[in-house]
Structures are given as C-alpha cells and as structure tokens.
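>>> structure for the following, please:
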Amino acid sequence: MRYRTRVTAPAAALFGTAAALTAAPGAHATPTTQQTGTSAAKTSGEPGPETLGDPVFPALGNDGYRVEAYHLDFSYDPATRLVDATATLKIRTTRALTRLSLDALGLDVRAVRVGGRKATYEQVDEKLRVTPARSLPAKCSATLRVEYTADPRRDLPHTGWVDTPDGFAVCCQPNSAHTVFPCNDHPSDKTDFSFRLTVPNTLRGVATGLLVRTESLSGDRTAYTYRSREPMATELVQITVGDYVVKDRQGPHGLPLRDVVPTARAAALEPALALTPKLVEWIEARLGAYPFETYGLLPCNSDAPDAFDFTGLETQTLTIYKPNYLLQEEKKIGSHMMHELVHSYFGNSVSPATWADLWLNEGHADFYGLLYRYERGWPDSLGMTTMEARMKDTYARGDQWRRDWGPVAAPNAANLFESQRYLGGVLVLYALRNLVGEAAFNALERAFLARYRNSSASTADYIAVASEVSGQDVSGFLQDWLYGTKTPRMPGHPDWTVTQVNPSLVAPHSRRGGHYHDNSATL
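Coordinates of the predicted model:
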C-alpha cells in the first residue's frame, strides 16, 4: 500500500477533542461540590469497581465506564523541574455510578471537575476516587478534568517518569502510566489521545502521534500539540521534553519517519537512525503495512545506569532507547531494533487483553528479531547463527523455565518479564510453524493482526485464529505449549530432548520486581 499525507483540519478543528472534553456540562452535569464538602443528594447507582480483574495486576484498572478520549496538557518549568498538568477524559458509563475511580499514584491533585463542575475526590493507595454530586446514569457520556502537579524525580514504588538533565521522558509499561497522568490504566481500554506540551523555547516537547499545531507564547515559550491517529493503550504513551532535534526522513511507500534526538548527539546517532527504513521494509514484507502514522526512535537524553531499567522500550510511534546502545555497529543493534519495531504490530496495534497475554508481544518481537539476525548471519549472544540451533537450546531448558517462571502464558507480577515470555514465546511460535507449515503460519499471523487491529486480544483469541486459518484444530496443541507444566514434543524434531529439572537450581529474578525488559534474546 502507499501511505498518504494526512491532511489536518483547520486550527479550530484540531482541538476538537480537547474542546469536546472541556465543553460546558450536558444533561448529566452535577451541581457544584467542594473538594472537601458534602455531596448533594445522590440518585440511583453504586460506586464503580476499582479493578478490571487483571490476573497479573489485580488492582489495575477500573470498571463501570470506558474512556473515549484523553487530552493531556503539560507545562514544564525547568527552574523547578515540575510539570503542571491537566488531564481531561471523556468517558462513557456502562452502569449507573455514584462514584468512579481512576488509577493515580504520586500526583498532587488540585481539583477535579465532572461536566465542568467541581466534584469531591480522595486519593487512596493508587486510586483517585471521584464523587459527583449526583450519580451518572448508565450509558451516558461525561467529562472529567483533573488538575495536578507532578515531579518526575519523585521516589515512588514504581514510576513511568524518566528524569533527564534537560527534562523528562516516560516509559509506562506495564503498570505505571498512572504515575504520569490519572487514567484507566489497563491495555484493554484503548482510546484516542491528544497532547499539548508547553516548554521554554530552548527545549522541544514531543509526544506520540503527529504534530498538528505549534503556538508561540509569551515568556519565550512554545506549545506543541500532537494527536495520535490510532487508539492507544495507556502504557504506550510517550511524552518527552528536552534539548532535542526532530529529524524527518521517508520510509517505504512514503511512510513519514521521525526521530527525536539529543541535539548534541545527532550526528553520532545518525548511522543507527538511518537503519529504520530497511527495517520497516523487511517487516512489512512479513506482517503487512506498518499500522501507524509514523515511526521513529527516541534516544532519551540520559545514559545514567539508573535512568531506566531497559535498553529499548516500545511506545506508540516512538521507541525509546539509551543513546549509547545505538552507537554500536549494525550487527550489534539491528536485531533488537527489529524487536522493538515488531511491537508496533504485536503489543501496540494489537495490545494484550490482560498482562497474562504478554507472551504475544514479546514472543513475536523476539521471533522476528531473531529471524532478522539469522538471515544476516549475525551470531546471537550464545554464538548461534540459526533459529533451529537457538530453539534446540531453548527447548532443552523448557521444563526448568516452566518450573522457575511458570508456563509461557501464565506469568505473575514477579516473573512477568522473564525469558519465558520472550524465548519461551518464540519456542511456542516455532513449534506452531513446524506443525502447520510456514505458509499457514504466515497467513494466520496476518489474519490475527488484521482482525484485532486497534484493539486488544487474548491468548484464546490467537488460538482461535490459528485454528481457523490453518484449517486444523490447534487448540489442544497450543494449550499444552502455553499452559502445560511440561514441555511438549517438538514437531519435526522427535530427537530433541529436555534437560531434567534441577530442583536446587533457583533462577534469578529480574530486578525491580520483574519490571526489567532486557531478557530479549535479540540483545
């Protein structure tokens, strides 16, 4: 296909989302209540549940409504290094609510409005409870506006902020978007986003999506407005402020590519940035057209060891990296650059329905990242140069990994990002391809991406598509591979054996409670 330049609406329409979210209250509006005052008489309804029941993060998300759009307005002050922010949400209720909640942690909330009128609120643990004066009817639209201040340097149990010498970036996966903005922080509630970032003229503000407006403001400040063309999960948001230059180039079929690069390091990073067009071309030949409006890299302006606990991380339309990693030669970085690009398909375009489905993201990203490496003859970290050799080695570890880190599709919060979700996921895909054949496997991959584009999908959804497209019932086969406590036989390799479990061997857990992303075999 050919990408076409997206024609943006006139300036007045560009803020349609923000204007709609902050419009005057409608029929469901509530009388004014003070932050600490007493609620007016309530009508029918009940408090919304403060969880979506995720099997890995059971406290995450909130029920009783779905978010139809977010507009985030951030103003960064380099003198105080604080962010003055307003998050405006348009929601639609699924039941009558006397109270609803958002996920929020480490945010200094100043005011909350529902339908343009003050509402009472309280912050309890990682929830922001909002009580309108009157309940919201079922199936009604409502606007929530939360004014708050955030400190990217704040010490929290977990955080999505990346503090840099000249500003900040964010990396919210898996459960930290609500340390950046109040939200329904679960990948099953994907929706539209727009951003307005106000910064001094010496800095640049960049966010997910495309730049749709630039405003020169008094006090030597500039406001940049971005809008994401496709819906997005909260964990995929990117907002960054710093001394950056935006470098534009063209990808396959006219796809606009955008890199956000530290100004002082732009020339040194150019060889790595120039690799992106051919990476996109390679993956499009296997998975179809790139699913978003733009792509690029964000070498975050910090190489501090404790700046963030990963080498690269997918955020929608921008992959954030530690700059020093990208200064290496192509054979050292190309495989992982492919891994992160594949997340645009598996993880971003099709998000996990729950965090137990993470193997769909990481297994696919490592699968194609390794294929890309081996096609070029680049040895992996074990010195291997073929997928078959690496899979035989991984197969031998299968029972030990299942004992130490659980089945591939049954993680917990402590082992979510262990190798079982990465190479263990690759092994499942390799087994499936061996079973159904390469042509059927390629067809079911594309069918799955097409069916669940711009939404979330579960492991059961993938199994159903695999059975439908391959023409054979693979449900039992995949159930054993994904949920079994023993490693099944490998199709096409009856001679492969699994090493006996060593009960005394205790596999090391990743750092920071399992939120460590560098178990990818593509590194």
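>>> send the alpha carbons of the strand or helix carrying F448 over as PDB?
Under the criterion of DSSP states H and E, F448 resides in helix 438-451. C-alpha atoms of helix 438-451 as PDB (Å, rounded to 0.1, in the frame of the first residue of the first chain):
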ATOM      1  CA  GLU A 438       5.300 -21.800   7.000                       C
ATOM      2  CA  ALA A 439       2.600 -20.700   4.600                       C
ATOM      3  CA  ALA A 440      -0.300 -21.300   7.000                       C
ATOM      4  CA  PHE A 441       1.700 -19.800   9.800                       C
ATOM      5  CA  ASN A 442       2.400 -16.600   7.900                       C
ATOM      6  CA  ALA A 443      -1.300 -16.400   6.900                       C
ATOM      7  CA  LEU A 444      -2.600 -16.800  10.500                       C
ATOM      8  CA  GLU A 445      -0.200 -14.100  11.700                       C
ATOM      9  CA  ARG A 446      -1.500 -11.600   9.300                       C
ATOM     10  CA  ALA A 447      -5.100 -12.700   9.900                       C
ATOM     11  CA  PHE A 448      -4.700 -12.200  13.700                       C
ATOM     12  CA  LEU A 449      -3.200  -8.700  13.200                       C
ATOM     13  CA  ALA A 450      -6.000  -7.700  10.800                       C
ATOM     14  CA  ARG A 451      -8.800  -9.000  13.000                       C
END
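>>> for the record, mean pLDDT for that helix?
Averaged over helix 438-451, pLDDT sits at 98.
>>> residues making contact with that helix?
For helix 438-451, the external contacting residues (C-beta atoms under 8 Å, 6 or more residues apart in numbering) are 286-288, 291, 345-346, 349-350, 429, 432-433, 436, 457, 461-462, 465-466, 468-471. From N, CA and C alone the C-beta is placed, and that goes for glycine too.
>>> return the subset of the residues you listed lying in strands.
Secondary structure assignment by DSSP state E places 350, 457 of these in strands.
>>> which of the contacts of helix 438-451 are buried, as a PyMOL select command?
To isolate the buried ones among the contacts of helix 438-451 in PyMOL, judged by 16 or more other C-beta atoms under 10 Å, type:
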select buried, resi 287+291+345+346+349+350+429+432+433+436+457+461+462+465+466+469+470
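>>> now do the contacts for the residue nearest in space to the middle of the chain.
The centre of the chain sits closest to L236, judged by C-alpha atoms, centre = their mean, with a distance of 2.8 Å. Going by C-beta under 8 Å, 6+ apart, L236 touches 172-173, 208, 314-316, 347-348, 351.
>>> measure A79 to P200 for me?
Distance, A79 to P200, using C-beta to C-beta, to the nearest Å: 9 Å.
>>> meant to ask about N502
Distance of N502 to P200, computed by C-beta to C-beta: 57 Å.
>>> the more surrounded of these two?
P200 (17 against 11; other C-beta atoms under 10 Å).
>>> that one touches A223, doesn't it?
No. P200 is not in contact with A223 according to C-beta atoms under 8 Å; the separation is 11.2 Å.
>>> low-confidence ranges in this protein?
The chain contains residues with pLDDT under 70 at 1-43, 506-517.
>>> again, 80 this time
1-43, 305-309, 506-517 (pLDDT under 80).
>>> please name the bridge partners of K90.
Assessed by DSSP bridges, K90 has beta-bridge partners A69, T143.
>>> does it touch T143 like I think?
Yes. Taking C-beta under 8 Å as the definition, K90 is a contact partner of T143 at 5.5 Å.
>>> for those two, indicate the residue with more neighbours.
Neighbours per residue (other C-beta under 10 Å) separate K90 from T143, with T143 holding more: 24 against 20.
>>> what separates the more buried one from R113, distance-wise?
Per C-beta to C-beta, T143 is found 8 Å from R113.
>>> tell me what the helix or strand hosting Y422 is packed against?
Per DSSP H and E, Y422 falls inside helix 419-436. Applying 3 or more C-beta pairs under 8 Å, 6 or more residues apart in numbering; DSSP states H and E, we find helix 419-436 packed against helix 358-375, helix 387-396, helix 398-405, helix 438-451, helix 459-470, helix 475-483.
>>> burial count for T499?
12.
>>> quick one, what contacts it?
Counted by C-beta under 8 Å, 6+ apart, T499 has contacts 396-397, 399-400.
>>> could you pull out the helices for the stretch 201-350 of the chain?
Ranges of helices in the stretch 201-350 of the chain, per DSSP state H, counting those that start in this stretch, are 266-273, 276-287, 330-342.
>>> return the list of helices and strands in contact with the last one.
This points to helix 330-342. Against helix 330-342 (3+ C-beta pairs under 8 Å, 6+ apart) you get helix 266-273, helix 276-287, strand 312-315, strand 318-321, helix 358-375.
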